[in-house]
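J.: this is the structure alone, sequence omitted:
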């Protein structure tokens, strides 16, 4: 007797199998009898992305278990393996579940019990964000550093700034990289409130705001069968909740193996579901994560209802809402050295940058967020920083006084 783990939109369940040499067709029959899901409604795959499918056409992309005569052993499925299951329709579960009579002859329900019964975790089909479009230069500057310098060996992150249209279209025009310490599995963000005030002042002058969080996954994570780990879910939910922006976007950058066996840099974008953000705000996420905890599952402090089950472990995919990705050419350049990286940015970098761009109008020469951030350290936060950023935003002539000050700083 062996058991396969079956993960569907309802969470993780188990199917008992007497003969490990059965075929996919026979497995579907067992799922029908043990989980009450009709064979004709089932789509199976060993690829977790099956659970992110939105349309019947999406399901056709998952063909690894499409052959009904393929044996489980030929698919490397054995005791304890995970199979992902997508299905249409509703499940009919016969009989009452976990029935406990209330009153003097049974267990009395406490207020906590009643509240827990009302906390349901469901999938959110549609994002509040219509799409996210990345400025090509800023996206390239972020991924190039992670790929060429860090070799996707440690995690890296940034906060995305840009605009949100009335229809929910998010445009990312620059990425601020805060002080941080990344390892293969963890990302510690050493937030600097004073620096973030400068970033916000620049953003206001540019007519932009913080619109999302971007982070990388390492090569070692590529071998794990999850979209986001429980630690990443916690971090993303925290920033989404902090933002108060319903269109807030979380982006992942990672390496993926292409058809030729090489590696391509790949961007994915999500929103954390309303359900996820509320659970985080309500303090229901277990924030202490042990080394042996399954990274695919987020732990809750109380029972929640997923599908037809009461559980304290929720598949992370339940919290993700896929967002479409586009790109555009934004108003800023991204050629100036970027803050909080291995190499410290100095005023000498400003001189080199200004010398290199002599042929351009002065406002064009300073139209780079990372240069403005260095300048902001020497300017008045409330007056000079927004005023200079507004010149960049409007592409108007920079007042002579500012121009002389910038040139003087660059020469010092």
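T.: On my side now, so go ahead. Since we're looking at a predicted model, the values are computed, not measured. Residues are numbered from 1 along each chain as shown.

J.: which SSE is immediately downstream of the helix or strand of the chain with the lowest mean pLDDT?
T.: When the helices and strands of the chain are scored by mean pLDDT, DSSP states H and E, helix 111-118 comes last with a mean of 54. Counting by DSSP states H and E, the next helix or strand C-terminal to helix 111-118 is strand 120-121.

J.: list the helices and strands the helix or strand following that following strand packs on?
T.: Of the helices and strands lying after strand 120-121 in sequence (DSSP H and E), the nearest is strand 131-135. Using 3 or more CB pairs under 8 Å, 6 or more residues apart in numbering; DSSP states H and E as the contact test, the elements touching strand 131-135 are strand 169-176, strand 249-257, strand 325-328. C-betas here are computed from N, CA, C, even on glycine.

J.: neighbours of the nearest residue to residue 1 once chain neighbours are set aside, just the number please.
T.: Spatially, and ignoring its direct neighbours in sequence, residue 1 is nearest to residue 18 (5.8 Å; CB to CB, 6 or more residues apart in numbering). The tally of other residues near residue 18 (other CB atoms under 10 Å) stands at 8.

J.: same thing with residue 132?
T.: 29.

J.: also residue 7?
T.: Other residues close to residue 7 by other CB under 10 Å number 20.

J.: just residue 73 next, same as before
T.: Residue 73: 11 neighbours (other CB under 10 Å).

J.: so what does it have for phi and psi?
T.: When read as degrees, to the nearest 10, the backbone of residue 73 gives phi -60, psi -30.

J.: which ones are touching it?
T.: 20, 21 (CB atoms under 8 Å, 6 or more residues apart in numbering).

J.: quick one: it from residue 126, how far?
T.: Noted for residue 73: a distance of 40 Å to residue 126, by CB to CB, to the nearest Å.

J.: ok, residue 316 next?
T.: Per CB to CB, residue 316 is found 19 Å from residue 126.

J.: these two: which has the busier surroundings?
T.: residue 316 (20 against 10).

J.: mind listing residues that contact the helix or strand hosting residue 30?
T.: Using DSSP H and E, residue 30 maps to helix 24-35. Contacts with helix 24-35, where a contact means CB under 8 Å, 6+ apart, come from 4, 6, 13, 15-17, 22, 37-39, 42, 44, 65, 67-72, 75, 83, 85, 91.

J.: 7 Å - rerun?
T.: 6, 13, 15-17, 37-39, 42, 44, 65, 67-70, 72, 85 (CB atoms under 7 Å, 6 or more residues apart in numbering).
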